[in-house]
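> attaching a predicted model along with its sequence, questions to come.
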Amino acid sequence: MDDRRPGHPRLDPAAVRRLLPDADFRPRHALSQNFLADVEVLERILDEASPAPGRRILEIGPGLGILTGGLLDAGTSVTAVELDSRLAERLRERFAGQLLAGEAEPGAPGSLRLIEGDALDQDLVSLVSPPYEVVANLPYHITSPILHALLGKGPRPERLVLMVQREVAERIAARPGEMSYLSVFVQYHASARIAFLVPRAAFEPQPDVESALIVLEPRQSGAAASGIRGGRLAASEEDDFWRLVQAAFRERRKMLKNVLVRQLPVEPARLEFALVENGIDGDRRPQTLSVEEWLGLYGSLGAVGPDVRGRRAEHARA
């Protein structure tokens, strides 16, 4: 039984195979290039992306343009960011008509805009007019900074469909007990779901690790839309909130009641009051707290000020 969502075109396995690198085109290890070659996996990514006419998509790392083609054929307008000049040239040749359509009418259904350069150098949230979505096969070493760039400020995408290293996907979607700073950051901003795992054999050349497709749906501003008790913090408070969370995860295996007074200018009595008020045992470790508990703790503590490490750095510079 074919349970794929209707509407997106099927990918031609023979066409996908023809697009794979030939003898004179070697993937660049320095750029962490591994090309997704499994048609079934590619189709499942399109299922999760659910491309439809009129939708706007930011694609990071289009590579050979296999997913790009599927997105364009479904009538979306795509803005693609590609670092490798060789791949960018191939994309310009393959999608010449779609690029011309994008120049004539930016954002037109089935049109393409290609940006050649490093995604880390781009103001990603300003590349596409909202509402927009993100589809990406992210090099594993840039997953965290890309997530910070896309979620840390607006206008945030409405949805992100991301191929990442399995270990990173599991960290992002972790439950209390296995949380990390990245878990708290992403889950504060978005709901996270691992759609499916992807074996190494789905790529050419095969990477050393398994991958996973993760789907993020950012929470919109306001308590009612956020899905988190208390809602998203005001922008003026978020930096202070992240100082609290970062300070704790510097010693993630230590007890909260000890690590926070070491890392932050917070009196033990003030911290104890905040922990008790939120029903948090001070012997717990940072990885055991949920996003709601972090928000509650911050709400009781209030502004925490510069952390101890930051103050030491200031003294060293003075």
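Looks like it arrived, so ask away. Numbers count the residues shown, from 1 in each chain.

> report pLDDT for the residue nearest the centre of the chain.
Nearest to the mean C-alpha position of the chain, counting by CA atoms, centre = their mean, stands Leu147 at 3.6 Å. Residue-level confidence at Leu147 comes out at 97, pLDDT.

> show me what the longest helix along the chain is packed against.
In the chain, assigned by DSSP state H, the helix with the most residues is helix 235-249. Judged by 3 or more CB pairs under 8 Å, 6 or more residues apart in numbering; DSSP states H and E, the packing partners of helix 235-249 are helix 181-189, helix 256-263, helix 291-301, helix 308-317. Placement of C-beta: from N, CA and C, glycine included.

> just put those in JSON lines and tack on mean neighbour count and mean pLDDT.
Below are the helices and strands packed on helix 235-249 laid out as JSON lines (neighbours: other CB atoms under 10 Å; pLDDT from 0 to 100):
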{"stretch": "helix 181-189", "mean neighbour count": "22", "mean pLDDT": "97"}
{"stretch": "helix 256-263", "mean neighbour count": "19", "mean pLDDT": "94"}
{"stretch": "helix 291-301", "mean neighbour count": "20", "mean pLDDT": "95"}
{"stretch": "helix 308-317", "mean neighbour count": "11", "mean pLDDT": "44"}
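
> quick one: low-confidence parts of the chain?
By pLDDT under 70, the weakly predicted segments of the chain are 1-10, 12-14, 16-17, 19-33, 221-231, 307-318.

> quick one: the helices in this structure?
13-19, 39-49, 66-73, 85-94, 96-104, 143-151, 166-172, 181-189, 223-226, 235-249, 256-263, 268-277, 291-301, 308-317.

> quick revisit: chain neighbours aside, what residue packs nearest to the residue nearest to the centre of the chain?
Nearest non-adjacent residue to Leu147, counting by CB to CB, 6 or more residues apart in numbering: Val186, 6.1 Å away.

> any idea how far Ile146 is from the one you found?
11 Å (CB to CB, to the nearest Å).

> Ala212: what's it in contact with?
Met163, Val164, Gln165, Arg166, Ala169, Glu170, Ile194, Ala195, Phe196, Leu197, Val198 (CB atoms under 8 Å, 6 or more residues apart in numbering).

> rerun that using 7 Å as the cut-off
Val164, Arg166, Ala169, Ile194, Leu197, Val198 (CB atoms under 7 Å, 6 or more residues apart in numbering).

> just the buried residues out of those, in ChimeraX syntax.
To isolate the buried ones among the contacts of Ala212 in ChimeraX, judged by 16 or more other CB atoms under 10 Å, type:
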select :164,166,169,198
